[in-house]
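Student: turn this into a structure:
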Amino acid sequence: MPRKVSTSKEDVTVKLISVFKRLISEGTLAPGGRLPAERELATSFGVSRNSLRQALKVLEIMGVISQRVGDGTYLNSGAQAILGEPMEFLILLDGISMQELMEARLIVEPELTAQAATRATAEDIAEIERELKAMEDAGEDSDRLVEHDLLFHQAIFRAAGNRVCSLMFSVVHRSMKRLITMTSKVVSPEHTLTLHRRIVAAIRKRNAEEARRRMSEHLIDAQKLIHKASGQMDQEKIQRRIAKFTADGAKRDQAGL
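Tutor: Take a look at the predicted model:
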């Protein structure tokens, strides 16, 4: 009996990673380059477009690619560095709830911030401050604010001096990007900036206990915002369903059904 060929999301993702590595090393695909259309990729890999989309979503969470609505899929500038890291554990993110991710953040990130307060070099602190300044300069541009918010936390992870946690929690943050974008619209930018400024001030003072407390304060606040944003998303979904039901009913009435 012939062996069944597996085309699970994990298999397709691993296959894509292997191909991207080769194309980058050959110079065929450069950072910022646009990938072929989904149909072409699915045909090349011999998988369904649905399986391909799931794999591309994992790669997007990992920060390897960016999918732009109506434009296409592009290889990110940091793809080569990301692809050079062990990837097996990243696939395990699928199916993990936002609550679990936030719990993991609350357990680990305050301690990483405390470590950053004691270990950060002058260059590390300058990088953290640059990302804070970029957040301030973002103004009402929520996408730009969120992008530099993620980079702000990554700079703290690097300053903590633990590469395992830096890689893992950079991925955790990327996986939460859509929800972080939602929470950024629930409060004013100044609310977010105030919490981040307190973290920077504690790191700058080399006060590990305060840094730990300020990061905990920020994450607890984020938990509340996520709950609020999720509630709003649920309400919007209900409103859309009501609107659709009403519109469908009107169409039936007009048709005399």
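
Student: let me know the pLDDT of Ser44.
Tutor: In this prediction, Ser44 carries a pLDDT score of 82.

Student: and for the one 3 residues further on?
Tutor: For Val47, the model assigns a pLDDT of 82.

Student: wasn't it part of a helix?
Tutor: No: secondary structure assignment places Val47 outside any helix; it is coil (DSSP: H, G, I helix; E, B strand; the rest coil).

Student: any idea of the pLDDT on the residue nearest to the spatial centre of the chain?
Tutor: Computing the C-alpha centroid of the chain and ranking residues by CA atoms, centre = their mean puts Arg174 first, at 1.7 Å. Arg174 is assigned 71 on the pLDDT scale.

Student: centre of the chain to the helix or strand containing Lys133, how far?
Tutor: Assessed by DSSP states H and E, Lys133 sits inside helix 122-137. Remark: helix 122-137 is offset 20 Å from the chain centroid, using CA atoms, centre = their mean, to the nearest Å.

Student: also stretch 153-160?
Tutor: Relative to its parent chain, stretch 153-160 has a centroid offset of 16 Å by CA atoms, centre = their mean.

Student: which secondary structure elements does the helix or strand where Lys21 lies contact?
Tutor: Assigned by DSSP H and E, Lys21 belongs to helix 9-26. Packing partners of helix 9-26 (3 or more CB pairs under 8 Å, 6 or more residues apart in numbering; DSSP states H and E): helix 38-45, helix 49-62, helix 79-83. C-beta here means a position set from N, CA and C on the backbone, and glycine is covered the same way.

Student: and the first one, what does it pack onto?
Tutor: Other elements packing on helix 38-45 under the criterion 3+ CB pairs under 8 Å, 6+ apart are helix 9-26, helix 49-62.

Student: His227 is nearest to which of the helices and strands packed on helix 9-26?
Tutor: Judged by CB to CB, the one of the helices and strands packed on helix 9-26 that comes nearest to His227 is helix 49-62, at 21.8 Å.

Student: flag every buried residue along the closest one.
Tutor: Ser51, Leu52, Gln54, Ala55, Leu56, Val58, Leu59, Glu60, Ile61, Met62 (16 or more other CB atoms under 10 Å).
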